[in-house]
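1. Sequence and predicted structure below; questions after.
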Amino acid sequence: MASGATNIYLPEYATITAAKQMTETEMYFSFKLDSGKPLGHMPGQFAEVSLPGIGEAPISISSSPGSNGTFEMVIRKIGNVTNKIHTMKQGEKIGIRGPFGTTFPVETAMKGKDIVFICAGLGIVPLRSAIQYVMENRKNYGKVTILSGTRTPSQRLFIDELKKWAAIKDVTVLETVDIAEDGWTGNVGVITTLFSKVEIDPAKTIALIVGPPVMYKFAILELRKYNMKHQDIYVSLERHMKCGVGKCGHCQINNLYCCQDGPVFSYADIENIREAI
Amino acid sequence: MGTKKVSQKDFEKWVEKLIGLQKVFGVQSKDDKYEFGALLKAENLRLDYDITILPPKKYFLPSTEQLFSFGESGFNSSVDGEPFILFGVHPYDFVAIRQLDVLFSMKNNDVYYQTRRNAATIIVCDVENISENAFSGFLGFDHVEKGFDLLVTKTGSDYLVESGSDKGKKLLSLMENAVDAQAADISKRSEKWKKNRELLKKQLLKANVNELPAALGKAYDHKIWNEKAEKCFSCGSCNLVCPTCYCFDVQDDFGWDLKSGERTRSWDGCMIENFATVAGDHNFRKNKSDRYRHRYYRKGKYVPEKIGEIACVGCGRCISACVARIANPVEIFNAVAEA
Amino acid sequence: MSKPRVAIFDFACCEGCQLQIVNLEAEIVDLLSIIEPVQWREGMSDHSDDYDIAIIEGSITRPEDEERIRKIREKAKILVALGACATIGGVNKLKNHGPLEDMQKTVYSKDFSLPHLATMQTKSVADVVKVDVYIHGCPIDKKEFTYIIRCLGAGKTPNIPDYPVCVECKKAGNICRYEYNEICLGPVIRAGCGAKCPSNGFWCFGCRGFVDDPNVNAARDVMEKYGKTMKDLEEKLMLFNT
Amino acid sequence: MANVDINVKHVTRVEGHGNIRVKASDGTIEKVEWQVPEAPRFFEAMVKGKSYEDIQTIVSRICGICSVTHSLAAIKGVEDALGITVSPQTDKLRILMHYAEQIESHVLHVGYLVAPDLLGQKSVVPLVASHPDVVKTIITAHKTGNDGMELIGGRMTHPVTVKPGGFSKLPTNQELLGYKKQLEATIPLLSTIADVVLSLAGKLPAFDRPTEYISLTMPEYYTFYHGKIKSTDIDELTDIHQFESVANEYVSPQSTAKWCKWHRESFAVGALARFNNNAEQLLPLAKSVAEKFGLKKGNCNPYFNNVAQVVEAVQVVEHSLQLIDDLLTAGIKPEKPVSKPKAGEGVGCVEAPRGILYHRYAFDDDGKCIKANICIPTGQNHGNIQKDFEAFVPQIIDRPQEEITLLLEMLVRSYDPCISCSTHFLNVEFV
Ligand SMILES: Cc1cc2nc3c(=O)[nH]c(=O)nc-3n(C[C@H](O)[C@H](O)[C@H](O)COP(=O)(O)OP(=O)(O)OC[C@H]3O[C@@H](n4cnc5c(N)ncnc54)[C@H](O)[C@@H]3O)c2cc1C
Ligand code: SF4
Ligand code: SF4
Ligand code: SF4
């Protein structure tokens, strides 16, 4: 290898420091790089998780940068890499490349503003990094609203944390499920049904939305009812990725590379991008 | 140093010398077509070729290459940095390499590409015979005046050889009985360039290249995408033979111990059905027409917006490679420009 | 982890795919390091009916075969279809293109109705039971076979191409068979063989079966462009695919 | 006297499905049968209506183990029908490729399928641990055959380069030279294998039964590819176009494969048949191997077919080296296979590793196949296996049942039967 050059495709080792089942299909992991260095990410970024021989998968970093050298992920079991990692335990090693991609504007646009987090399904996983960041630096931000929706109550993630956040001053947490199960007393309906309970001042609010592809259109429609400016709405998009570093071409959304120009986009930047939403 | 003139015989001697010096990959015949391959004898070199089946990008981005191996000792990557000479690259193909140079170093460096690229000495040669689908003349990619290590032009029974880099200079200094080219020789070459510009217009491009990104910008819903894509096999042939296509797939395989193994990457293509499919079988470009459009947008809009130059060099390979006969960029560009 | 117990069975076929296992030569030793063969008529005389993985070669051409494959399916945790006869019916399906009795008479003449010469419409293994893993080709490709076996050993779903042979043919730098005015099935056939036939100057005759979504209509169109007829194409497609 | 009840359902370590049935009570033999229950496959009907260009592709699939042989027989039959003569270069390359299959098949048979019997094992798998060197030798020799087929045929099984009129792709001089080196390195491996077999030859049962042996023959050399049909029973040679009068196929109630007979109730084809007809033409090394075993013309112990295979493996390597030298001296010339459809009928005949193989085809004006007849060596041997059983069982009926079973299984194996291919064809009423 040419000396001095770093190899963007070469993972480094990280060790699983905690692993626990969250729902039937989701597992929580915390990792530490074997080099001892922090990963150095900002909220909204992702990393490529390697299980050598099995493959690689882009996974959002779910924790804020503040968490003492470890970083956390929540992984849904769906294919080769994700199935395999679900069988792994504390102390086992994986490969990591990253962090990659754009970040939620926690240090720029979001500063001093009211924040609405709209988390549908797994969307809470990447958003949690920003939520944690906001909570850790609470004084830098205004009112916080967290809307969270899942298909069923048993698919809810970070229930304790949602409770904890709800207890913080000027933080509202609203939850909903598409389909109720026994014991569920909360709201039933898709996430957009929560908007009737929210007050948004379009002049001083930033909204972050993450969820399954079909959901964006509807959530944005709701926000536009509040006359929110498009550049104040942020989304995070997912595409097929092979390299994570803007070369392999798989994650292109029209002219944008999801891995480098995203995954976090301001809605203003993508509203005219036909393949985006 | 500038430009030298040398006879056919001494030119061949020089080629033979280069073969003794370094690994040389040059254009040779394959049936009634041509390909780049390891050059073992100077007499096999066919600088009179019209076009090669595959572009020379394969020497920088091989169709399959190992990214790294893994095992007890961790992740190990190595890439062959042995110097080599790439002999007989046509100007349009050289333009494509220049584009890849930019793309593979943009924002972050691809060491595999870069190592090979640094190891290469590229000898460009001017076009002698025109391939049936060429249109580089419309794009200004019919000849190049800089960037190469050496530029070879056949003028009558002699060769003009210009060096454009230190690497080139070094090789040129090995040439025997070369004389400095005179103004008359240089103007012969300019003549050839002028002629080639007109000859390399087999496919009639009417669209204005500079306005292409804007024209494509307005043509997202043009009916041509559907019309053409209906006939598409999603075979990716147009991608794979294209000198400016560089998308790749990444795969892992184990060794027999099921612990060690390797990660490789190989050419991929945005025309292939599952190029944008994610786990759970959601395909972001499910329709053939979406994939079909994407390819031409990359050539005519997306990549140009990044590098400031149209990302089709007018080689016409895709036109011949497409069994369905639907992959002619000129047809597409003309149609969207007209709309 | 204990080695998976593997049984290999053959039905109507040429046994060329099993031969590819033998043809692994020195790699057989590696293969044996990750699997334990417990039944393989062509290769060994030991015999056990306790297996995890059943590898099936050949197509189903008699009622008694159908019964046998169902029993195997019941016992196997993973059922692998090995080679074109098993995955798509292979050349054996050629006999489905006419009245069965004609076929029997052509071959056995007046004796055609003897009970032990009974036959039925050829079926692929997947036509009868659920197949978990397909190893395509006639014969299978050794590299792909070993890759898939390693994937099974590692609990990984193998990545089997669902794109056409042209992809690999282009990568190989071949001149397209259509340039020689031949009909090649490459544009609609699943890759994975490394475009072995076109690379050897022969058209692709389709032994790996169609890609998931073959554009057969486009192929029809192509015939016209090259001065061929749909019948020419069908005749080629018939060899392995219809 | 003991009762014997043998019912081997599917003899192992043979290609295809065959059963052995022996029943005796109080020493009285009631039933001795060699049965072939392999699923019939109807190739002969399947090629009807197909283009002459596709015949090879289809019939190669009759048998994976002798796919080169089938391809060559088919291509010769097609060329005979179309009136095509091929260049000497094509002819030599085809023979070379054919020899590669003989190497592969003979080594496979002797090494993987028969050796375990001689070494008292049930398969080659335990031999990997107990006789690693022998296994390595077998593997390396086997690979030579495969590599040769791949080099010339494009792949080791079901070759793709074989076209009417020539080859779709030619090996380079360089590649042939490489193959030559590999063949040279294979000779010592084959003598090692010969020595191993020789050291165990005592385990080959002593059983002679006077038999009619049929194979190709020609004056020039020990042939597998050209020539006329010869029987040990008569001096006169038969043209291959008259093969139906040699094979005389009939349907047996015991078998999905057809059986054959000529001057006697049955006849044998294969390595021993070729040896018995042509032994004096063996090249020096092969001859010396035969001498080592004391194998002489007129041997009629079917178990010695395996010895003849070892001899032949050496023979084809020796002859391959000569052919490569010829080819390299002339240098490989680019040649394109040319053919045009035409009405006609033709026969192709070559020696499969397990015996003589005939293909006959007729085509209409468009080159579509209107008739096919294929006569498979194993089909020709089935009847002989039955006759061997009938003669041998009474000689061994007093032995323990297990031993009888093993001896009969070994007898079947010695023929190297390719059962699946024997069941695929044949048109009794072909005109
Ligand atoms: C920016 C980003 C963030 C993500 N964050 C998370 C997360 O926090 N938690 C989580 O569970 N999942 C997340 N995903 C989805 C996750 O990457 C896929 O589920 C995963 O790649 C599936 O890999 P696999 O090997 O298990 O599946 P397989 O089906 O075996 O393989 C799928 C193949 O598709 C590729 N692929 C690339 N991108 C995707 C994608 N977006 N979705 C599906 N497949 C993809 C994989 O590399 C792999 O080759 C994220 C995806 C992206 C792009
Ligand atoms: S798009 Fe076609 S013509 Fe343009 S560079 Fe690529 S292969 Fe050549
Ligand atoms: S080469 Fe033609 S058929 Fe193949 S993907 Fe490209 S446009 Fe489609
Ligand atoms: S030869 Fe066949 S497989 Fe190769 S590109 Fe042409 S059509 Fe496709």
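-> Ah, there it is. Ligands and ions are numbered 1, 2, ... in the order given.

2. C-alpha only now, for contacts and for neighbours.
-> Will do.

3. Any idea how many residues pack against residue 94?
-> You didn't pick a chain, so chain A it is. Residue A:94 has 20 neighbours, counted by other CA atoms under 10 Å in any protein chain shown.

4. Sorry, I should have been clearer: chain C.
-> Neighbour count for residue C:94, taken as other CA under 10 Å: 24.

5. how about the nearest residue to it, chain neighbours excluded?
-> residue D:46 (5.6 Å; CA to CA, 6 or more residues apart in numbering or on different chains).

6. mind listing the strands for chain C?
-> Listed in chain order, the strands of chain C (DSSP state E) span C:5-10, C:36-40, C:53-57, C:78-82, C:133-135.

7. Those: which one's closest to residue A:208?
-> Residue A:208 lies closest to strand C:133-135 among the strands of chain C, at 42.6 Å (CA to CA).

8. where exactly do the strands run in chain B?
-> For chain B, the strands defined by DSSP E occupy B:3-7, B:23-30, B:33-38, B:64-71, B:74-76, B:84-89, B:120-125, B:150-155, B:158-163, B:179-180, B:248-254, B:261-267, B:277-278, B:282-283.

9. Oops, could you answer that again for chain D instead?
-> Assigned by DSSP E, the strands in chain D fall at D:4-8, D:19-25, D:28-35, D:162-163, D:166-167, D:212-217, D:228-231, D:250-251, D:258-259, D:267-268, D:344-352, D:355-363, D:369-375.

10. Just tell me which of the ones you listed ends up closest to residue C:190.
-> Comparing the strands of chain D by CA to CA, strand D:162-163 comes nearest, at 23.2 Å.

11. From residue A:263, how far off is the residue of the stretch 51-200 of chain A found nearest ligand 4?
-> Using CA to the nearest ligand atom, the closest approach of the stretch 51-200 of chain A to ligand 4 is made by residue A:55 at 28.3 Å. Counting by CA to CA, to the nearest Å, the gap from residue A:55 to residue A:263 is 21 Å.

12. the more surrounded of these two?
-> Neighbour tally, residue A:55 and residue A:263, criterion other CA under 10 Å: the higher count belongs to residue A:263, 25 against 20.

13. The more buried one contacts residue A:241, doesn't it?
-> No: the criterion here is CA atoms under 8 Å, and residue A:263 misses it with residue A:241 at 11.1 Å.

14. all helices for the stretch 1-150 of chain B, in order.
-> Counting by DSSP state H, counting those that start in this stretch, the stretch 1-150 of chain B has these helices, from start to end: B:8-21, B:91-105, B:111-119, B:136-139.

15. Nearest residue to the middle of chain C?
-> By CA atoms, centre = their mean, the mean C-alpha position of chain C lies nearest to residue C:84, the distance being 1.3 Å.

16. quick one, what contacts the nearest residue to that one once chain neighbours are set aside?
-> In this structure, residue C:84 finds its nearest non-sequential neighbour in residue C:90, 4.7 Å apart by CA to CA, 6+ apart. Listed by CA atoms under 8 Å, 6 or more residues apart in numbering or on different chains, the contact set of residue C:90 reads C:59, C:84, C:124, C:138, C:207, C:239, C:240, C:241.

17. Count the neighbours of residue A:169 for me.
-> Residue A:169 - counted by other CA under 10 Å - has 10 other residues nearby.

18. swap in residue A:163?
-> Neighbourhood size, residue A:163 [other CA under 10 Å]: 11.

19. Repeat that for residue D:281.
-> Residue D:281 - counted by other CA under 10 Å - has 18 other residues nearby.

20. Then the one 5 residues further on?
-> Residues near residue D:286, counting by other CA under 10 Å, number 23.

21. Likewise for the one 5 residues further on?
-> Applying other CA under 10 Å, we find 12 other residues in the vicinity of residue D:291.

22. what do you get for the one 5 residues further on?
-> For residue D:296, the neighbour count with other CA under 10 Å is 14.

23. Next, count neighbours for the closest residue to ligand 3 within chain C.
-> Proximity of chain C to ligand 3 (CA to the nearest ligand atom) peaks at residue C:187, 7.5 Å away. Here the number of neighbours of residue C:187 (other CA under 10 Å) works out to 30.

24. try the one 10 residues further on
-> By other CA under 10 Å, the residues close to residue C:197 number 23.

25. what's the spacing between it and ligand 1?
-> Distance of residue C:197 to ligand 1, given as CA to the nearest ligand atom, to the nearest Å: 28 Å.

26. show me what contacts that residue?
-> Residues near residue C:197 by CA under 8 Å, 6+ apart: C:203, C:204, D:154, D:160.

27. If you rank the residues you listed by neighbours, which is first?
-> When neighbours are counted by other CA under 10 Å, residue D:160 leads the contacts of residue C:197 with 29 neighbours.

28. I'd guessed it sits against residue D:57; true?
-> Yes: counting by CA under 8 Å, residue D:160 touches residue D:57, with 7.5 Å between them.
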